[in-house]
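1. here is a sequence together with a model predicted from it:
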Amino acid sequence: MKRIFASLATMALVLIAGCSQIDSGNVGVSTTRGKIDLAERSQGNYFTPIETLSEFTTKEVSFQVNDQKPKSSDNLTMADMDVDIYFKANPAMVADTVLKYQGDVVKHKDIVAGSKSDNLVAGYSRLSREAREAIYSAVASFPATTMHTKRAELATEIQKRLQSELDKTDKDVWQVTGVNVRNLVTDPAIETSIRQTAERDQQIARANKDKELAQVVAAKNLIEAQGQAAVNETISRSLSPQLIRLKEIEAQQAFAGAGTHTVVMGNTAGSLVSIGK
């Protein structure tokens, strides 16, 4: 009886040891005597007494590319640049990737900050190398003095270049789902140049506003002057010689009515009138 119990216990241990589980969002890659089976195992439990079933994640994975010092389009070197790369592996291509990049396999917790997962990631060295290349080539298309204001555009450019390079030799293997420019520090000399550029732009803006104001005032004064000239012209044209002469006579009479003046009426000596009190 004891022998039967011992045999059953041994068989149970063998069965337990020969079972493998693949969780949701992952795939299994089977290796038997060093040969990789290219048919991935989906979620489930498997009896694997003579094979090794490794679990690879196909969920979104992020890794950091830190302490980069790329050059901008104006040949200025960044003091520091840190970038986060997000990607997903194609579940149907994991085994092929493991076969192609044998030895290039890392644990999830070794590349993802804060992770405790022992699930595996295939082709990480290829991914990280191409990510660095994409960062350097993307930065080279932006001027240093304005790069800090265009982080979103820079991240998009890095993502586009990285995906393009990966697809050249590994089409549909990885999908780059996002890029985040977490830190971007320019050289102190560039910072000074940025401040000087900003100050110069502000001065130009103020000068343009002053110029616009002066133009508006000048235009207003011109319109007012033209309007007054038109009024004077209208008045001048409305005065006939007879009316002008009548106004002169009325003015002379009013002046003479004061009683203490001599008024000359006309151009003859007989026109001299003296009025006194």
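-> Perfect, I can see it now.
2. any low-confidence regions in the stretch 1-150 of the chain?
-> 1-18 (pLDDT under 70).
3. which residues in this protein form strands?
-> 19-22, 26-32, 35-36, 44-47, 52-57, 61-68, 80-89, 105-107, 120-122, 174-185, 262-264, 272-274 (DSSP state E).
4. pull the number of nearby residues for the residue nearest to residue 28 when sequence neighbours are not counted.
-> Ranked by C-beta to C-beta, 6 or more residues apart in numbering and with sequence neighbours excluded, the top spatial neighbour of residue 28 is residue 41, at 3.4 Å. Quick note: C-beta positions are derived from backbone N, CA and C, even for glycine. When neighbours are defined as other C-beta atoms under 10 Å, residue 41 has 21 of them.
5. so how far is residue 145 from residue 41?
-> Separation of residue 41 from residue 145 (C-beta to C-beta, to the nearest Å): 53 Å.
6. domain parsing for this structure?
-> Taking automatic domain parsing as the criterion, the chain consists of the domains 7-56, 61-186, 188-238, 240-277.
7. pretty sure residue 170 contacts residue 94?
-> No. At 11.8 Å, residue 170 does not count as touching residue 94 under the criterion of C-beta atoms under 8 Å.
8. which of those two has more residues huddled nearby?
-> Of the pair residue 170 and residue 94, residue 94 is the one with more neighbours under other C-beta under 10 Å, namely 26 against 19.
9. which other residues reach stretch 139-149?
-> 70-74, 76, 78, 81, 150, 153-154, 157, 184, 186-187, 190, 193-194, 197 (C-beta atoms under 8 Å, 6 or more residues apart in numbering).
10. quick check: end-to-end length of it?
-> 13 Å (C-alpha to C-alpha, to the nearest Å).
11. now the end-to-end length of stretch 78-96.
-> Using C-alpha to C-alpha, first and last residues of stretch 78-96 are 38 Å apart.
12. before we move on, what about stretch 30-44?
-> End to end - C-alpha to C-alpha - stretch 30-44 spans 14 Å.
13. do stretch 70-86 as well
-> 20 Å.
14. list the buried ones in it?
-> 70, 72, 76, 78, 81, 82, 83, 84, 85 (16 or more other C-beta atoms under 10 Å).
15. show me the longest helix that occurs in this structure.
-> Scanning the chain for the helix with the most residues, using DSSP state H, yields helix 188-238.
16. quick one: that one to chain centroid distance?
-> Distance of helix 188-238 from its chain centroid, counting by C-alpha atoms, centre = their mean, to the nearest Å, is 34 Å.
17. tally of neighbours for residue 248?
-> 10.
18. oh, I was asking about residue 28
-> 25.
19. check contacts around it.
-> 20, 22, 40, 41, 42, 46, 53, 54, 55, 56.
20. now these: which count as buried?
-> 20, 22, 40, 41, 53, 54, 55, 56.
21. count the neighbours of the closest residue to the third one other than its chain neighbours for me.
-> This means residue 40. Leaving out its chain neighbours, the residue that sits closest to residue 40 by C-beta to C-beta, 6+ apart is residue 27, at 4.2 Å. Neighbour count of residue 27, defined by other C-beta under 10 Å: 22.
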